[in-house]
Structure formats: C-alpha cells, structure tokens
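have a look; sequence and predicted model below, questions after that.
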Amino acid sequence: MVELAVGVIAAALVVAAWEGAARSGMIAPQFLPSPSRVLTALWTMLTQQNLIWHVAVSTARVWVAFLLAAALAIPIGIVMSSYRIVGAALEPMIDFIRYLPVPALVPLSIIWFGVGEETKVFLLWLGTFFQLVLLVADDMRRVPQEFVEVARTVGANSRQVMTDVALRSMGPTLIDNLRITLGWCWTYLIIAEIVAADSGIGYVIWTARRFVKTPEVMAGVVVIGLIGLVTDQLLRLLHRRLFRYL
Amino acid sequence: MSAYVQFADTAKSFGPIEVVRKTSLGLDRNSLVVFLGPSGCGKTTLMRMVGGLDQPSTGSILLGGEKVVRPDRRRGMVFQSYSSFPWLTVERNIAFGMRYRNDITAAEKAERTRHYLELFGLADFAGSFPNRISGGMRQRVAIARTLAAGSDVLLMDEPFGALDALTRERLQVELRQIQIREEKTIIFVTHDVEEAVFLADRIVLFSRRPATVVADIDVAAELGPQRPLEIRETQKFFELRNRVLHLIRHETGAVV
C-alpha cells in the first residue's frame, strides 16, 4: 500500500512539474503541450475520433503476435534446453536474428507479406519471439536437477516429468518472462502500424505527427503507456494468484 | 543370506576421469549402510548408480537379483538440497511419491499420506508450503515422500548436510528408528565420521577418487541396532569413531 502511494505521489509530482514547465512558456507548446492540453486532446480523440476502436485494433494485433510468439517459443525453448544438439543448432541463428533491428526488416516483411495485417503481426512477432525463446530455454535450464530425479525415482515418465515437474518449476519465471516480452511487443507497435496502416494507435500517433498535433501524439503515447501499465499489473496479479507459495 | 543390493565389478568413468574403480560389494536387506569417504571420492556416483540415475561403465548393479537399468520407485532418492516441490503443500509433496502408482487406490494413497504425516510429525503442517517450514521439516518431507512411494531402498546423499547441529542430531535418531520400524534398506552417503558411526549398521569406507573399498566395518556388531542419543557419550562409540578416523587418515590419506 505504501509502495502504491509512493508511486502515485511520484507520478503526480512529475505531471505537476510538466504542467509547470509547459505553462511557464519556456518551451513552445508544439514541443511540449501541458498535461491538461494532452488530456483535452485525449477526450476529443475518445469522443469524436473513435480512439477506442484504434486501441482495440492495436491490442488485438499485439496479442495475436504475442500469443503466436509464446506458442512457438515455449516448446522450442524447452526442446532447445532439453536436447543439447537442438540448442547447439538453433542458438547461434536465434542470437543472430534477435540482434537485427525490427525496422530494418520492414521492407523485407512487406515483400513477403504485402501491406496487410500479416506484416504488422509479423513485425510484432519478430520483436518478441526470438527474445522469448532464449528466455524460455534459460528457464528450463534452471529447473533443479533434483526435482527431475525425484520425479523419475517415483515412476514419472518423460512426459510426466515435463508436465508435473519441469513446467510447474519454471512457471513463475516463465510468467515473468511472458510479462516482460509482452511489454517489448508493445514497443514495436508504432513500427508495425506505420506500414500502410489505417487503424491502430500507431497509425493515430503517426497521422497526428504529420500535422504537428503534439497533444494528440502525446495522448496516443500516454494511452500506450496506460495499456502497458494495466496489462503489467494484471499479469503481476495473475502471478501472485497462480504462485501463492512464493 | 545373499545380498539385496549387489555391486558386481561395478566401475564408472566420466570421459577420461575414472570415478569408481571396479568394485564388488553386497549390502543386506533392511540394513543401514553408510558410504564414507573423502569429498568427491565417488561415493555419490555409486549411490546414483543404485538409483538408476547413472549407469556403470562396466559391471552392473543388482537389486534382489535383478539388474538396475533405470530409476524406479523401489529406490528413492533424498538429496542434500531441499528437494520438496515448492508448489505443493507438505501433504501433496508426500502424496507425490504415490502419484504414478496404479496398484493402490486413492483412499489407500490418502491413508498412507496421513500415516507418514503423523510418523514424521508433519500433520500440523500438512497444508503449509515448503518455504513456510524449517530445513529439518523439509528433509522430513523428502524422506516421507520416498517412503510413501513404497521404496525398499532409500538412497540418501548427505541429507542432513545443510542442517544445524541440533536438528541434524534429532533427524539422525528419527531416521534410525524409522529404518528399523519400516524395515528399509538405506544407503547413506556422508563424509561426517560421527554421523556415520551413529547411523550405520555397516560402514563402507572408500579411498580418494577413483573410489575403491578400503575398509568394511560392522558397526551393528559393536553398537547394536538401537541408537539412543546417549550412545554418543559411551566409551564404545568414542573408540569406534576414533578407529574410523584413524582408518580414514591412514587408508585414504585424506582429511574428511
């Protein structure tokens, strides 16, 4: 509770300082509009410019990409750490690809997938999958050998060791890593939604930028931040509920 | 009486490193045998081979005349590190030992779980998670789970190594009593001479790596089967402990 209060007070202080700086006239409003102007812009976007629809579209894109990444990264990561030969074969390639900046792959993804939804989801997936797969492999490696051996000596077969012990043991760190990589997925949203998009928060921000509507740009950024904050808190709550024993 | 656990010319190497030199040894059923030797001498490897967790490079290990080829619930392991599953309560950790048994009913499993909760003084903590109980209790949970699994042979790898002196002493007494009451065969690995003498029916002393048997001491013949705590203060115990220490110094050239 104290931590929450400290967090709220710190955020309020930053907003107050921002409002003060903007109102002092030291910085031109097209560079730094005041929080009140950003709030007004946000209200207008919500009531007149269908912002909720754009938020829903972006959220759907992020979650589709993220779930696809998780669905592939979890089994591949587990196999990579369970079978040394698979790890040795895949890890160098994954290391190579995960260091490639996502914007550098935009032209290639347009060539491959065109300018539809596939490209947007692919770019978001790209930014998430290769990071997540290595994190999952590490989670799997950290499952204590004693847990596996105890299960084997009470008669568990390989599948049972995996489902009853390894996945349960790695559960807390896996959920943490999913929470972190979901955050990364959101950071690629703007890049994904400037590719011939006509919807999504990235599109809204990018369009507002063209007309130097800085309050709208900042309102879009604030919305992404708020979605991130809420998602993160919900996943933390889920973590606490699922892993009461920690 | 033929040996229940039989090492038949058993040897083990990891790559170029010879860990256990060809060893032949028989262990009686329902006895507590301590493998004693310097740290890293290969005694844990010998025990893991009995558990089926490692395979001998040459020779074999027989349990009741049957070759050990893989782990199964007849040989349960208790490790030095706390191997209770943190996501299961004490009760469920113990019941986990029977999770894959199809030969007993759910009611029997519940009954056995209750029995071991009582036997190990864990009934009041049945619903607690392992991180809410002491290290000594966690080791009790691990032993109870192995017994609940129906293991004939308990393989204990320095299970009390991480505990404070008092808890360790109490668990040693309990282990000895439970071994007699439940009629189990226990292979107990330690490098603590006092612990070895207090617990063992028999001490098998190993050399430095590669492990070979350098002495085989019949402790039960000298101290008898019952081991009250006070036995540690008797002349017989002191003499035996000193003899084992002397053997270790001279036969293994090691300080344990």
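Now that the structure is in, tell me what you want to look at.

only C-alpha atoms for contact and neighbour calcs from this point on.
Will do.

chain A contacts on the stretch 51-200 of chain B?
Applying Cα under 8 Å from any Cα of the partner chain, one finds that the stretch 51-200 of chain B approaches chain A through B:51, B:53, B:71-79, B:81, B:83-87, B:97-101, B:129, B:131, B:146, B:149.

can you give me phi and psi for the residue of the stretch 51-200 of chain B found nearest chain A?
Nearest residue of the stretch 51-200 of chain B to chain A, counting by Cα to the nearest Cα: B:R73, 4.2 Å away. Phi and psi for B:R73, reported as degrees, to the nearest 10, are phi -70, psi -10.

ok, back up a step: just the residues of the stretch 51-200 of chain B next to chain A: which are in strands?
B:R75, B:G76, B:M77, B:V78 (DSSP state E).

and the third one, how far from B:M49?
According to Cα to Cα, to the nearest Å, B:M77 stands 11 Å off from B:M49.

A:S169 now?
25 Å.

re the thing from before, specify which residue of B:M77 and B:M49 has the higher count of neighbours.
For B:M77 versus B:M49, neighbours defined as other Cα atoms under 10 Å in any protein chain shown are more numerous around B:M77 (33 against 23).

quick one: pLDDT of that one?
B:M77 is assigned a pLDDT of 91 by the prediction.

okay, and the beta partners of it?
Here B:M77 sits in beta bridges with B:L155, as judged by DSSP bridges.

and it, what is it in contact with?
By Cα atoms under 8 Å, 6 or more residues apart in numbering or on different chains, the residues touching B:M77 are A:E149, A:V150, A:T153, B:G51, B:T146, B:L154, B:L155, B:M156, B:D157.

quick one, phi psi at the residue of chain A found nearest chain B?
Scanning chain A for proximity to chain B using Cα to the nearest Cα identifies A:V154 as nearest, at 4.2 Å. The phi and psi torsions at A:V154 (degrees, to the nearest 10) take the values phi -100, psi 10.

wait, it sits on B:G76?
Yes: contact criterion Cα atoms under 8 Å: A:V154 and B:G76 qualify, at 6.9 Å.

restricted to helices, list the residues of the stretch 51-200 of chain B next to chain A.
B:G51, B:T146 (DSSP state H).

sorry, back to before: neighbours around the residue of chain A closest to chain B, how many?
When neighbours are counted by other Cα under 10 Å, A:V154 registers 27.

B:T113 too?
Residues near B:T113, counting by other Cα under 10 Å: 28.

likewise B:R132?
15.

OK, contacts around the nearest residue to A:A137 once chain neighbours are set aside?
In space, and not counting its chain neighbours, A:A137 is closest to A:G77: 4.2 Å by Cα to Cα, 6 or more residues apart in numbering or on different chains. Listed by Cα under 8 Å, 6+ apart, the contact partners of A:G77 are A:V133, A:L134, A:L135, A:V136, A:A137, A:D138, A:M140.

and A:V64, how many residues sit next to it?
Neighbour tally, A:V64, other Cα under 10 Å: 16.

list the residues that contact it.
A:V121.

quick one, phi/psi of it?
Dihedral angles (degrees, to the nearest 10) for A:V64: phi -60, psi -50.

how near is it to B:N131?
Distance from A:V64 to B:N131, by Cα to Cα: 37 Å.

quick one: contacts of the lowest-mean-pLDDT helix or strand in chain A?
Within chain A, no helix or strand scores below helix A:189-193, which has a mean of 88 by mean pLDDT, DSSP states H and E. For helix A:189-193, the external contacting residues (Cα under 8 Å, 6+ apart) are A:58, A:62, A:103, A:119-121, A:123-124, A:199-203, A:206.

ok, now with 10 Å
When contacts are defined by Cα atoms under 10 Å, 6 or more residues apart in numbering or on different chains, helix A:189-193 is touched by residues A:58-59, A:61-62, A:102-103, A:106, A:117, A:119-124, A:127, A:186, A:199-206, A:221, A:224.

just the residues you listed: which are in helices?
Counted as lying in helices by DSSP H, out of the contacts of helix A:189-193, are A:58-59, A:61-62, A:106, A:117, A:119-124, A:127, A:186, A:201-206, A:221, A:224.

quick one, helices of chain A?
A:2-23, A:35-48, A:51-82, A:84-98, A:106-113, A:117-141, A:145-153, A:158-160, A:167-187, A:189-193, A:201-210, A:214-242.

hey, C-alpha coordinates of the fifth one in CSV?
This points to helix A:106-113. Extracted as CSV, the C-alpha positions of helix A:106-113 are listed here (Å, rounded to 0.1, in the frame of the first residue of the first chain):
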residue,chain,number,x,y,z
VAL,A,106,10.1,-3.7,-42.6
PRO,A,107,11.0,-3.7,-46.3
LEU,A,108,11.6,-7.5,-46.3
SER,A,109,8.3,-8.2,-44.5
ILE,A,110,6.4,-6.0,-47.0
ILE,A,111,7.9,-8.1,-49.8
TRP,A,112,7.0,-11.3,-48.1
PHE,A,113,3.5,-10.4,-46.7
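
residues in contact with it: which ones?
Residues from elsewhere that reach helix A:106-113, judged by Cα under 10 Å, 6+ apart: A:102-103, A:105, A:114-116, A:118-120, A:122-123, A:191-192, A:194-196.

now that helix: buried residues?
Going by neighbour count (16 or more other Cα atoms under 10 Å in any protein chain shown), the buried part of helix A:106-113 is A:V106, A:S109, A:I110.

quick one: those as CSV, columns for distance to B:K184 and pLDDT too.
Shown next, in CSV, are the buried residues of helix A:106-113 (distance: Cα to Cα, whole Å; pLDDT from 0 to 100):
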residue, distance to B:K184, pLDDT
A:V106, 67, 89
A:S109, 65, 91
A:I110, 69, 90
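
contacting residues for the nearest residue to B:E251 once chain neighbours are set aside?
Nearest residue to B:E251 in three dimensions, chain neighbours excluded: B:V214, at 6.5 Å (Cα to Cα, 6+ apart). Contacts were defined as Cα under 10 Å, 6+ apart; by that measure B:V214 touches B:G37, B:V204, B:L205, B:F206, B:S207, B:R208, B:L247, B:I248, B:E251, B:T252.
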